[in-house]
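Trainee: 3D, please:
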Amino acid sequence: MESGEDYAKRSERVKALLSSYYGDSGQGPSAPPGGHAQQGTPAGRGPPVAHIGGIAAIDTPTFNADQHTSDILRIFSLEKLMVEHRNMAREIKNIDSDMQQLVYENYNKFITATDTIRTMKSSIDAMESEMLRLQQTASVVAEKSLSVSNKLQQRRESMEQLYKVQRLLRKLQTVFELPRKMRAALEEDALDTAVGLYAEAQPLLHKYGGRGTFKVIALESDFVAQEISQLLKKRLTERKDDTEQCVLLLRKLGEPDDTLQDKYLTGRVARVKRVLAEAAIVADAMAAAAAASAGGQQQPVPPPPKAQLSAPESWGWTGGNPPQLRTFLRALDEKFINGVQETVVNVVRFFLPEGSDDSPEAAAAKRKPLVTLSRELFGEYFSIVRRVVSDAAKAGVLRGSLLREARAQAAKEGGSAVLSVNSPALEQLSSDWGAEAIAQALSTMSIDVGLLAAHLPELQLKERALEVVQASIQQHVTLSFAALKQRVIDAAVAVRTALASEAADAGPGSAGPGAILQQGSVYLAELLQRGLAVLLQGLRGYESAGGARLLASWRDQWVDLVQGGLQSFFGGLLLASLELAALRYDGGDLMREALKASGTAGGGLVGQGSAGPDLMGPPTGPAGAAAGAAQELVKPGLVLLLAKLCKFLEQVMVPWVMETIAASFASAGGPGGGGGGGGASGVDLPPSFVPGEVARRLSAASSAMVLAYVEMHGRQLSVMVRRSTGSVSWLTCKEPRGPRPVCSLLLERLARVEAEAAGLLDEPGSSMGTGVNLGSSVHGAGRKAGDHRESGAAGTSALYGGISNPFGGRDSSAVERNVAKLFREKVHMTGSVPLASPAILAAIASVALKSLLESIRLETLGRAGLQQLQLDVASLRPHLRRFLLRGGGGKGDGAAVVEQLLEDVVLSATERCVEPQLLEAAVVERILASASSER
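Mentor: Below is the predicted model of the structure:
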């Protein structure tokens, strides 16, 4: 069988042959010079294929056979000419075969068409005679039918006239007494009797009411009928007990059903709209009271004037307090649902009776006014319900999260005072987030609306009520997680503000950035643990007090909603942390993993509530000013704090959330459930909360922040090291008398970093307490000469003491060192940095030493310069060992990287030295001890 590609090529070739056969081959674009057309395809059909060697295509209109032959003979070799010959022979054969096949097919088609035309001609000839005979028969039948109809027409008309006269004579006596009887019945309030007499006489009066005595009778009876109609219409709008009788009597008086239904609906709708208008006024008062309560102001809200709200007590208004949510919805349903239900029942009963002979289209047309007005009324009703539930949700979220109180405290106190774990805004977090009240109110609304679902199936009231329930609960859940997320972000911004204030007001009595970072770390951890615990406990209120029935039809979607809120909560905190750390996507693996599926690099999250609705707008006061700054210099300590926060979320909060979901928010499919509405559709979908993905992203973000922290400090040290290296004339410098001052500065910076990292990462027993003061001079008083012998000079002597001859053996020593490097165990200098003080210090020290190594490789050193660098390395080595090896040491860790870089610095200096002669170990000891004693 032909493959798909061969079949496609053959089809294209057949189309091209047909086009060429019928003469339109020249309309398409010609093949470009320098290539043949596709095999078997005329010019202008299909994509051209370049010929080997750039020879002009054969199928182009400007093809020159002599020129083509000359070019081929000139360019192609004999082997290529034979290949070209075979290709052209094969193409000619294929084209001839295809043309022959086309001729056969066209010939068969022509024969078939000729046979079909011959058959049609013979059939039409026989049909013509049959049609003529049928026409003659029809003419005979029509003539006979006309004759019979003419003979009976006169007698039929006479009989019909006599029958009509007989019917009229029977009613004459009743008609002459009609006005008197109707007036008597009206005076006795027997409206049904009067209307019945008038309805019976209407056919006769309509026919003969314009003649003689009948004209007077018709005028008198119509006048009485108008009085009765006006009285019935007045009773229809004012009284409820005799609505049915009024409608029936008006219908007998000739009032059209459409007009009558419109008048009835207009009166009833106006009454229901007054109820909705009063409900909107009460909702405004409830919103004002909720806003005042959330702001800590317990002021009474007086009821509106009587002109706007006739009976405030009927809405549950007590004194100066507007009704609660559930009380308001009960009162609204009692007034609105009952009014609409009564209207619908009466309209269906009077104007749309069951069992009528109307077609479905006519019945739908009659129900259209009722359905239209009901849809409008329920639209306003659901809008009011969503509004009051939304206001209650916002008030409940503010009450549960204490977001307003926390921001008020931050605006009042500022600094690190707001980061106390004993602050009221943290200790008073409660599980009352408004879920129980909202569940009770929505359950009441859902039950009441379901009473009208059978009467108005066109409105799909149950489905619309379920949509309102789902939208309201979703908004509440979203607001809840957004409020807690905003509190965490505000706390992080408060840390940033406190660090900036401490840097501006730094003095002898200041606590320093370490204390602020430690306090902020404890506060953030406590806020996350307490906040998520009370929030999830508060959301469980939907499953009690009627909420179980409310969530029964979409239990899985509810679980997915909560899990999706948790997913967005962790994702929002991650993005906000990256923004506070001023990290953007740089193409690296860590940032790609951290920003996976987020769709944003975190821009604007701190000021906008981290991709969630902010209930109060951006914070005010010092925190708000810090958050609103366009570009604020990021403190390295804040970046390390955010890295620790992400690691805390990954290692503590995500496992706790998994346990809570399995215990309280597991769907029917088990923990994690079938997310995305899988419970309703029966389709197993991924869960909304994916702890593995969240943990991976948080871990990547933490690693990226640790690397950023290392880069910040490493950049400062690198600049310091490069400047100090560039300021020394290494070729002509004097004999060394001690380490350079840059070594002291380097160790001082590392000591500050160690204090900051160890305090923030809860690592007791840093090297600051081991008797070695890294922030002091390299040759502090506590250092003994034996330390150099054990760690510094001894190691240097073992590695570099063999280079003592400045002239002889230099090449052989270099070869030996290079061979030793080949067999030395490889130490990895790339990858992420663990969130631990020794690893961070090792990474920062490695950056500084790499800068020193790169700077030395660009210099030319003399003997004194090499020895000065040897003294620098010997002075740095013991201190770096003491606080780096606290992590346990080992192959491939930070300590090994630092050791290797120290060795590489001296090796590179030796290679760049014109007179490579290192000091003996004893000499190094003596110089360092002498420098120490002088200080």
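
Trainee: would you agree residue 181 is in contact with residue 195?
Mentor: No. Judged on CB atoms under 8 Å, residue 181 makes no contact with residue 195 at a distance of 11.6 Å. Glycine gets a C-beta too; all of them are placed from N, C-alpha and C.

Trainee: next, residue 375: secondary structure please.
Mentor: Under DSSP: H, G, I helix; E, B strand; the rest coil, residue 375 falls in the helix class.

Trainee: of residue 181 and residue 195, who's got more company?
Mentor: residue 195 (24 against 17; other CB atoms under 10 Å).

Trainee: next, residue 914: phi, psi?
Mentor: In terms of degrees, to the nearest 10, the main-chain angles of residue 914 are phi -80, psi -20.

Trainee: once you drop chain neighbours, what's closest to it?
Mentor: Distances taken as CB to CB, 6 or more residues apart in numbering put residue 862 closest to residue 914, at 6.2 Å, once the chain neighbours are dropped.

Trainee: how about the contacts made by that neighbour?
Mentor: By CB atoms under 8 Å, 6 or more residues apart in numbering, the contact set of residue 862 is 730, 731, 732, 733, 913, 914, 915.

Trainee: how about these in a markdown table, adding neighbour count, pLDDT and secondary structure?
Mentor: Shown next, in a markdown table, are these (neighbours: other CB atoms under 10 Å; pLDDT from 0 to 100; DSSP: H, G, I helix; E, B strand; the rest coil):
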| residue | neighbour count | pLDDT | secondary structure |
| --- | --- | --- | --- |
| 730 | 21 | 88 | coil |
| 731 | 16 | 89 | coil |
| 732 | 9 | 88 | coil |
| 733 | 17 | 87 | coil |
| 913 | 26 | 91 | strand |
| 914 | 12 | 90 | coil |
| 915 | 14 | 88 | coil |
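
Trainee: ok, of these, which one's closest to residue 723?
Mentor: Ranked by distance to residue 723 (CB to CB), the contacts of residue 862 are led by residue 730 at 14.3 Å.

Trainee: for residue 866, see how far away the closest one is.
Mentor: Residue 730 sits 8 Å away from residue 866, going by CB to CB, to the nearest Å.

Trainee: residue 377 too?
Mentor: Taking CB to CB, one finds residue 377 at 95 Å from residue 866.

Trainee: which of those two has more residues huddled nearby?
Mentor: residue 866 (27 against 21).

Trainee: correct me if wrong: that one contacts residue 913.
Mentor: Yes. Counting by CB under 8 Å, residue 866 touches residue 913, with 4.4 Å between them.

Trainee: what sits against residue 652?
Mentor: Residues in contact with residue 652 (CB under 8 Å, 6+ apart) are 525, 529.

Trainee: tell me how many other residues surround residue 61.
Mentor: Residue 61 is flanked by 10 other residues according to other CB under 10 Å.

Trainee: that should have said residue 412, apologies.
Mentor: If you count neighbours by other CB under 10 Å, residue 412 ends up with 11.

Trainee: and if you look at residue 63?
Mentor: The local packing of residue 63 (other CB under 10 Å) involves 14 other residues.

Trainee: and if you look at residue 270?
Mentor: Applying other CB under 10 Å, we find 10 other residues in the vicinity of residue 270.

Trainee: and residue 834, by the same measure?
Mentor: By the criterion of other CB under 10 Å, residue 834 has 18 neighbours.

Trainee: list the contacts of it.
Mentor: By CB under 8 Å, 6+ apart, the contact list for residue 834 reads residue 706.

Trainee: need the three-state assignment for it.
Mentor: coil.

Trainee: residue ranges with poor pLDDT in the stretch 51-200 of the chain?
Mentor: Applying pLDDT under 70 to the stretch 51-200 of the chain flags the ranges 51-57, 168, 170-171, 173-174.

Trainee: for it, what spans make up the helices?
Mentor: Taking DSSP state H, counting those that start in this stretch as the test, the helices found in the stretch 51-200 of the chain are 65-75, 78-176, 178-187, 191-208.
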